[in-house]
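[1] I would like the atomic coordinates for the input below:
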Amino acid sequence: MDEYLTALENELRALVTSPKPAFAAYYGMFKYHLGWTDAHFMPIKNDAGKRLRPLLCLLSCEALCGEWRRALTVAAAIELAHNFSLIHDDIEDDSDERRGRPAVWKVWGLAQGLNAGDGMFVLARLALDRLCEAGLNNKQCAAISAVFDEATLALCHGQFLDLGFEARLDVTTDEYLQMIHGKTAALISAATRIGALLATDDPRLIDAFTRFGENVGLAFQMVDDILGIWGDPAITGKSAATDILAKKKALPAIIGLNDPHAGATLREIYRQPELSPADVARVLEILEAVGAREQTQQRADEFRAAALSALSAAGIQNRAMDHLREIAEAMTRRSK
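    This next block holds a predicted model:
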């Protein structure tokens, strides 16, 4: 993927540029979050994330027309939108770290962290406005902008639900699915849909790529839920107890809380103001006993299969399609 990633990084760096010296430190916060600098704005090479969403956009475009570079600006906008959400997520979840080092808000404070997230979203939106300058007609620009805006609003809807779930012990699986459709799947689905829109006007193909992205996104979040509880801290970069201590209503927890036999005990533990290490161990025992991990993995496998089926329905065979299948497998069979 080096060719795609190099072009994407160049596009991102062109977008994340301070217009005046007075704002250099402001844009420096963006560069820090994106893994390009340290907290003193000196260049380094840090974990910058997987860039999965923009890759899916580029490859979807290439699969349908062979010209992936026409999607570069939109792919960069999608990556900036994703990272705006991460900056805000860290604040909302009271997370001290992101990708193995202090989160933006922990380095520069809550107010500047919020402002950095806001600015990164506006940069994403401005990048999208460059589409018409690249030769797309007004109808195409409007359609792509609508998909992007609907996805980012759905992301905020999903985050609203997720935050609300923290105080509840009666979250259902259907409510969880509604939440992750917004928080995780919406932007991934938008990436593949926009890539398709830039390449074709065939509604059948656009629908196939949209369903592919949506189902990959749902499976991706479920695997993330598993790693949040059972992942190896040396690989994931966070304690396996973090999600339990935060009482996050990930799918394994929801399965446990709604179990007809063990649910009452688990709800009693979760009603405590804070959980002890012994409580965490007991929660893990309960989740293992009810098969929460296996049930979550089964649902993730079902959505992965649906994603690959949607891609096959397009009836196309080329290098980009092979890459899309590889990324789908990597996103849903990962260890971090």
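[2] Tell me the pLDDT of Gly195.
    The predicted structure scores Gly195 at 97 on the pLDDT scale.
[3] same thing with Ala190?
    Here the pLDDT value assigned to Ala190 is 98.
[4] Confirm that Ala186 sits in a helix.
    Yes: secondary structure assignment places Ala186 in a helix (DSSP: H, G, I helix; E, B strand; the rest coil).
[5] OK, contacts around the most far-flung residue of the chain relative to its centre?
    Going by Cα atoms, centre = their mean, the residue of the chain most distant from its centre is His261, 33.7 Å out. His261 makes contact with Val290, according to Cβ atoms under 8 Å, 6 or more residues apart in numbering. Any C-beta I mention is one placed from the backbone N, CA and C, and that applies to glycine too.
[6] cool, and Ala246?
    Ala246 is in contact with 93, 166, counting by Cβ under 8 Å, 6+ apart.
[7] ranges for the helices of the stretch 201-336 of the chain?
    In the stretch 201-336 of the chain, the segments counted as helices under DSSP state H, counting those that start in this stretch are 203-230, 233-236, 242-245, 251-257, 263-270, 277-289, 292-313, 319-332.
[8] can you put those helices in CSV and add mean neighbour count?
    As requested, the helices of the stretch 201-336 of the chain are arranged in CSV below (neighbours: other Cβ atoms under 10 Å):
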stretch, mean neighbour count
helix 203-230, 23
helix 233-236, 11
helix 242-245, 20
helix 251-257, 25
helix 263-270, 16
helix 277-289, 16
helix 292-313, 18
helix 319-332, 18
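[9] Ile188: which of the ones you listed is closest?
    Across the helices of the stretch 201-336 of the chain, the minimum distance to Ile188, taken as Cβ to Cβ, is reached by helix 203-230, at 3.6 Å.
[10] Arg168 is in what secondary structure piece?
    Arg168 is part of no helix or strand, with elements assigned from DSSP states H and E.
[11] same deal with the one 10 residues further on?
    Under the assignment given by DSSP H and E, the secondary-structure element containing Gln178 is helix 173-180.
[12] CA atoms of that helix as CSV?
    Extracted C-alpha coordinates of helix 173-180, given in CSV (Å, rounded to 0.1, in the frame of the first residue of the first chain):
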residue,chain,number,x,y,z
THR,A,173,-28.3,-5.4,21.2
ASP,A,174,-30.5,-3.4,18.8
GLU,A,175,-29.6,-0.2,20.5
TYR,A,176,-25.9,-1.1,20.4
LEU,A,177,-26.2,-1.8,16.6
GLN,A,178,-27.8,1.5,16.1
MET,A,179,-25.0,3.2,18.0
ILE,A,180,-22.2,1.5,16.1
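[13] mind listing what's buried in it?
    Burial within helix 173-180, assessed by neighbour count using 16 or more other Cβ atoms under 10 Å, is assigned to 176-177, 179-180.
[14] Phi, psi for Pro102 please.
    phi -50, psi 140 (degrees, to the nearest 10).
[15] Show me what it is bridged to.
    Taking DSSP bridges as the rule, Pro102 bridges to Glu97.
[16] burial of it, as a residue count?
    Around Pro102 sit 14 other residues, with neighbours defined as other Cβ atoms under 10 Å.
[17] Val122 too?
    In terms of burial, Val122 registers 11 neighbours under the definition other Cβ under 10 Å.
[18] Looks to me like it is in a helix.
    Yes: under the criterion used here (three-state DSSP), Val122 sits inside a helix.
[19] where does it sit relative to Ala111, distance-wise?
    Separation of Val122 from Ala111 (Cβ to Cβ, to the nearest Å): 17 Å.
[20] before we move on, what about Gly158?
    On the measure of Cβ to Cβ, Gly158 and Ala111 end up 25 Å apart.
[21] between these two, who's got more neighbours?
    With neighbours defined as other Cβ under 10 Å, Gly158 and Ala111 compare such that Gly158 has more, 22 against 9.
[22] OK, contacts around the closest residue to Gly35 other than its chain neighbours?
    Once flanking residues are discounted, Gly35 sits nearest to Ala48: 3.3 Å by Cβ to Cβ, 6 or more residues apart in numbering. Contacts of Ala48 were listed using Cβ under 8 Å, 6+ apart, and they are 34-36, 99.
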